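>>> Kindly return the folded structure for what I paste below:
(one chain, ligands or ions: 1)
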Amino acid sequence: MSALSIHGLWKRFGTKIAVAGVDLEVPAGSFYGLVGPNGAGKTTTLSMATGLLRPDFGSVLVRGQDLWADPPAVKAGLGVLPDGVRLFDRLTGAQLVTYAGLLRGLDRDTVRDRTADLLRTFDLSADADTLVVDYSAGMTKKIGLACALVHAPRVLVLDEPFEAVDPVSAANIRDILAAYVAGGGTVVVSSHVMDLVQRMCDHVAVIAGGHVLAQGTVDEVRGEASLEDRFVELVGGRRTEGALAWLRTSSD
Ligand SMILES: Nc1ncnc2c1ncn2[C@@H]1O[C@H](COP(=O)(O)OP(=O)(O)OP(=O)(O)O)[C@@H](O)[C@H]1O
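Modelled structure (predicted):
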């Protein structure tokens, strides 16, 4: 069974078609990368795939269950790190993770233990009592990830989890996610870092202009090339030649 199965997903904002008939099959137990240029429709797709944004058309099955038929029930099995959604940042880091755990129906003792574990793992124990509004961008990402993990979901959907995260924390997050996948979980991540996706993920989809251009195992999609070269080939768009001529100091 697929962990996530998306069929014919469409979303329009005014005259802008952000997602134009996206189909994705995320096998259970896979580490799935979603890549695409700015404005490709990744965040819109993931928002619809996680119950944050209602699609105009299309269906989303999470482990065989129709998400939009019963969002609260199906969302219970998902852990989500949305991109650009405001957290309740007037809470401290510890309060925010606690709140996320209680909201997911965990008992207080379990929430207390897991919150401490997560803060330690993400190197945030020293800032447990700092307001999230005062966190750096990378710390905010990590506390968001802790909130996504606290109820031990079977499927994790993470929109740009490594953005602004320092290299040591990124390596820790990679290890945590790899162990989670090894333990039977499924991870979907969007990222702009092709090298990271090539090394970390076993499956990948390339999306541009609201369409899926390629999907499959990383080796199938990249063929003989690196994922980055294949991405540029699929998406096109290297158009710097002759651009911004006025920026060159040699034109003085
Ligand atoms: N709420 C909205 N209202 C209007 N247009 C939107 C809205 N959200 C997204 N869009 C548009 O939909 C398109 C896809 O946006 P989306 O955020 O899904 O792209 P993305 O692939 O996540 O991009 P990036 O890599 O830059 O984060 C863009 O053209 C964007 O301007």
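>>> Show the pLDDT at residue 251.
Predicted confidence (pLDDT) for residue 251: 55.
>>> Enumerate the residues of the stretch 1-150 of the chain near the ligand.
For the stretch 1-150 of the chain, the contact set with the ligand under C-beta under 6 Å from any ligand atom comprises 13, 16, 18, 36, 38-44. Yep, even glycine has a C-beta here, placed from its N, CA and C like the rest.
>>> again, only using 8 Å
11, 13-14, 16, 18-19, 36-47, 83 (C-beta under 8 Å from any ligand atom).
>>> The nearest residue to residue 150 once chain neighbours are set aside: how many residues sit nearby?
In space, and not counting its chain neighbours, residue 150 is closest to residue 101: 4.3 Å by C-beta to C-beta, 6 or more residues apart in numbering. Residue 101 has 24 neighbouring residues, counting by other C-beta atoms under 10 Å.
>>> which among the residues of the stretch 1-150 of the chain next to the ligand end up buried?
Among these, the ones that count as buried by 16 or more other C-beta atoms under 10 Å are 11, 18-19, 36-37, 40-47, 83.
>>> longest helix in the chain, by residue count?
helix 167-182 (DSSP state H).
>>> End to end on stretch 40-58, go ahead and measure it.
Start and end residues of stretch 40-58 are separated by 18 Å (C-alpha to C-alpha, to the nearest Å).
>>> same thing with stretch 45-65?
OK, stretch 45-65 end separation, C-alpha to C-alpha: 18 Å.
>>> What lies in contact with that stretch?
Residues outside stretch 45-65 that contact it (C-beta atoms under 8 Å, 6 or more residues apart in numbering): 1-12, 19, 21-22, 24, 28, 34, 44, 66-68, 71, 73-75, 77-78, 80, 82-83, 85, 154-155, 157, 159, 188, 190, 207.
>>> show me where the protein has strands.
For the chain, applying DSSP state E gives strands covering 2-13, 16-27, 31-35, 57-62, 65-66, 78-81, 155-159, 186-190, 203-208, 211-217.
>>> closest to residue 122 out of those?
Nearest to residue 122, of all the strands of the chain, is strand 78-81, at 12.2 Å by C-beta to C-beta.
>>> so how far is the closest one from its chain's centroid?
Distance, stretch centre to chain centre, for strand 78-81: 8 Å (C-alpha atoms, centre = their mean, to the nearest Å).
>>> Hmm, the residue nearest to residue 150 is touching residue 149, no?
No - using C-beta atoms under 8 Å, residue 101 makes no contact with residue 149, being 9.8 Å away.
>>> Do you have the helices of the stretch 101-250 of the chain handy? List them.
108-121, 137-149, 167-182, 194-200, 218-222, 227-235 (DSSP state H, counting those that start in this stretch).
>>> just those helices: most buried one?
Mean neighbours per residue, mean count of other C-beta atoms under 10 Å, is largest over the helices of the stretch 101-250 of the chain for helix 137-149, with a mean of 22.
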